[in-house]
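Asker: predicted model follows, preceded by the sequence.
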Amino acid sequence: MQTYPEFTTLRLAVTEGVATLWLARPDSRNALNVAMCQELTAACEALENDDEVRVVVIRGEGVAFCAGADLKERQGMSPAEMVARRVNGFTAYAAIEAVSKPVIAAVHGPAFGSGCEIAAACDFVLASPAAVFKYPEVGWGTVGATQRLPRIVGRRMAKELLFTGRLVDASEAAQLGLVNHVFDAETFDMRVTEMATQIAAANPLTVKLTKRSIDNGLETTREGAMAIELLAIQENLRHSDWKKAIENFGKKG
């Protein structure tokens, strides 16, 4: 059985193959500090190594998903300390992206700055109507969110959102592709659980290979992407019971 480190800024629960990782600094609106960065990295590495976990859902405790970086922590930092703090953040986002299993962000409230980066590092985002997104970096006199955001919403819209720092509500976020679905607040938890459970029921190898093929394929040419998919198909044929799956197709229900 996989052992997990002790967390002070996160809370983890695993049920029927679905791991729910809660950002757990509700009194600070789950603001991202160095400790949370480091614990996110450690948690993602442990979740990757837990064979019982097939899907990861990242959520926020309290009223916010994540209100951004912990600005109180940054007060009095030297430039070198600021760079080190940003590296910790980048490492945490990269750790989320590196999980080979599907990672879903369930955003029920404000996601600002670092909260947007955490959500963008996930495979996709589910939101409630109370979710709102904001990229305040330029207004704070800093640089951030310049890589994942354009890959999601496109170059021109990313520039608008970063230059203005304006609020994006859940409805617009869905239109822009920041969010896959907006679920009613009353059914939000149930819908998130349903989708995570459905994915967890699929063959974990094929899900992993599909995720890898999409992510790696988008970073290369069309020809290179086809080679990536072909290699994934071959690996799947070697290591999954695909014949049984075909035989059982259409028998359920």
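Answerer: Looks like it arrived, so ask away.

Asker: mind exporting the helix or strand Val207 falls within as PDB, just the C-alpha atoms?
Answerer: In the assignment (DSSP states H and E), Val207 maps to helix 204-217. Output in PDB follows, covering the C-alpha atoms of helix 204-217 (Å, rounded to 0.1, in the frame of the first residue of the first chain):
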ATOM      1  CA  PRO A 204      -6.000   2.500 -16.600                       C
ATOM      2  CA  LEU A 205      -3.300   1.600 -19.200                       C
ATOM      3  CA  THR A 206      -5.400   2.800 -22.100                       C
ATOM      4  CA  VAL A 207      -6.300   6.000 -20.200                       C
ATOM      5  CA  LYS A 208      -2.600   6.600 -19.400                       C
ATOM      6  CA  LEU A 209      -1.600   6.000 -23.000                       C
ATOM      7  CA  THR A 210      -4.300   8.200 -24.400                       C
ATOM      8  CA  LYS A 211      -3.300  11.100 -22.100                       C
ATOM      9  CA  ARG A 212       0.400  10.600 -23.000                       C
ATOM     10  CA  SER A 213      -0.400  10.500 -26.700                       C
ATOM     11  CA  ILE A 214      -2.500  13.700 -26.600                       C
ATOM     12  CA  ASP A 215       0.100  15.600 -24.600                       C
ATOM     13  CA  ASN A 216       3.100  14.500 -26.500                       C
ATOM     14  CA  GLY A 217       1.400  14.600 -29.900                       C
END
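
Asker: which outside residues touch it?
Answerer: 54, 97, 100-102, 123, 199, 224-225, 228-229, 232, 235-236, 239-240 (C-beta atoms under 8 Å, 6 or more residues apart in numbering). For every residue, glycine as well, the C-beta is placed using N, CA and C.

Asker: do stretch 29-39 as well
Answerer: In contact with stretch 29-39 (C-beta under 8 Å, 6+ apart) are residues 5, 7-10, 23-25, 60-73, 85, 88-89, 91-92, 110, 114-115, 118.

Asker: how long is it from one end to the other?
Answerer: 17 Å (C-alpha to C-alpha, to the nearest Å).

Asker: quick one: the strands in this structure?
Answerer: 10-15, 18-23, 55-60, 103-107, 110-112, 124-127, 132-134, 168-169, 181-182 (DSSP state E).

Asker: tell me which of these sits nearest to Lys159.
Answerer: Of all the strands of the chain, strand 168-169 sits nearest to Lys159, with 13.9 Å by C-beta to C-beta.

Asker: wait, which of the strands of the chain is closest to Thr142?
Answerer: strand 110-112 (13.3 Å).

Asker: what residues sit buried inside that closest one?
Answerer: Pro110, Ala111, Phe112 (16 or more other C-beta atoms under 10 Å).

Asker: good, wrapping up.
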